[in-house]
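Enquirer: just to be clear, the model below is a prediction. Sequence and coordinates:
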Amino acid sequence: MSAIRNSSEDPRDPATGTLGDLLYADAAKSRVSENEWVGLVQSIAAGDQYALRALYERTHRLVFTLIVRITNNRETAEELTLDVFHDVWQRASKYDAAGGTVLGWIMNQARSRAIDRLRFEKRKKRVNHHALDPTQGSAPGDPHESVDLIQKDRLLRDTLAVLTPSEREVIETAFFCDLTYAEVAARLNQPLGTVKTRIRSALGKLRRALAEAGKE
């Protein structure tokens, strides 16, 4: 990888360097074998916080750089970088070396986090535009609209309560993150058939709950 930089820019700075700069900087001093990477993940899976810290120190600049490139926002990148390593802590036991390198696994999680945030921001903008568009309903600040939104929010929370934790997880991942079934399965590391079954079951429960609410 290469990039044009001013001579005053420091390639070790995630804001100015490229992923290649960070990955290959001082390679002779910091080269780590794949067996060592895998060993760190296995230790993390066993609950070793020191292993997580070691992995974080070796890879967080790469993760941050990738996310800031995608989102173009340092504050967001800082937040999502922490989220990525929280995911690593939670999912270390599910890592399969046959599916790729440890660094590739981590970077895929970083990329997914960053893309999800971009999708969320786009959806939020569309919702805000809809709310502010006078052709789409009552004007902002209308007390009747406020009451209606509160009632809908309460109804949504009450309705979601009928789902099992696993059903709620797939529903929220699919619809709030705007993902396909296959993407949900990859994100949650679950079989595609399981994801489809849980979403169908959840949607059935939601329809029934909404129908019952409409009778009240």
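Expert: Good, I have the coordinates.

Enquirer: show me the shaky parts of this protein.
Expert: Across the chain, the ranges flagged by pLDDT under 70 are 1-30, 124-159, 176-178, 213-216.

Enquirer: show me which positions of the lengthiest helix in it end up buried.
Expert: Counting by DSSP state H, the longest helix found in the chain is helix 102-132. Neighbour-count burial for helix 102-132 flags 102-103, 105-107, 109-117 (criterion: 16 or more other Cβ atoms under 10 Å). C-betas here are computed from N, CA, C, even on glycine.

Enquirer: domain-wise, how is this structure divided?
Expert: With domains defined by automatic domain parsing, the chain comprises 1-136, 138-216.

Enquirer: by contact count, what packs against the longest helix of the chain?
Expert: Where contact means 3 or more Cβ pairs under 8 Å, 6 or more residues apart in numbering; DSSP states H and E, helix 102-132 is packed against helix 34-45, helix 49-71, helix 74-91.

Enquirer: what is the first one packed up against?
Expert: In terms of contacts (3+ Cβ pairs under 8 Å, 6+ apart), helix 34-45 is packed against helix 49-71, helix 74-91, helix 102-132.

Enquirer: that one to helix 49-71, inter-axis angle?
Expert: 110 degrees (axes from the mean of the first three to the mean of the last three Cα atoms, to 10 degrees).

Enquirer: neighbouring contacts of helix 34-45?
Expert: Residues from elsewhere that reach helix 34-45 (Cβ atoms under 8 Å, 6 or more residues apart in numbering): 50-52, 54-55, 88-89, 92-93, 95, 97, 101-103.

Enquirer: just the C-alphas of that helix, formatted as PDB.
Expert: Extracted in PDB, the C-alpha atoms of helix 34-45 (Å, rounded to 0.1, in the frame of the first residue of the first chain):
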ATOM      1  CA  GLU A  34       0.700 -16.700  13.300                       C
ATOM      2  CA  ASN A  35       1.100 -19.300  16.000                       C
ATOM      3  CA  GLU A  36       1.700 -16.500  18.500                       C
ATOM      4  CA  TRP A  37      -1.400 -14.600  17.300                       C
ATOM      5  CA  VAL A  38      -3.500 -17.700  17.700                       C
ATOM      6  CA  GLY A  39      -2.000 -18.300  21.100                       C
ATOM      7  CA  LEU A  40      -3.100 -14.900  22.200                       C
ATOM      8  CA  VAL A  41      -6.700 -15.400  21.000                       C
ATOM      9  CA  GLN A  42      -6.800 -18.800  22.700                       C
ATOM     10  CA  SER A  43      -5.600 -17.200  26.000                       C
ATOM     11  CA  ILE A  44      -8.300 -14.500  25.600                       C
ATOM     12  CA  ALA A  45     -10.900 -17.200  25.100                       C
END
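
Enquirer: Glu121 and Phe175: what is the separation?
Expert: Going from Glu121 to Phe175 by Cβ to Cβ, to the nearest Å gives 16 Å.

Enquirer: and Asn108, by the same measure?
Expert: Taking Cβ to Cβ, one finds Asn108 at 22 Å from Phe175.
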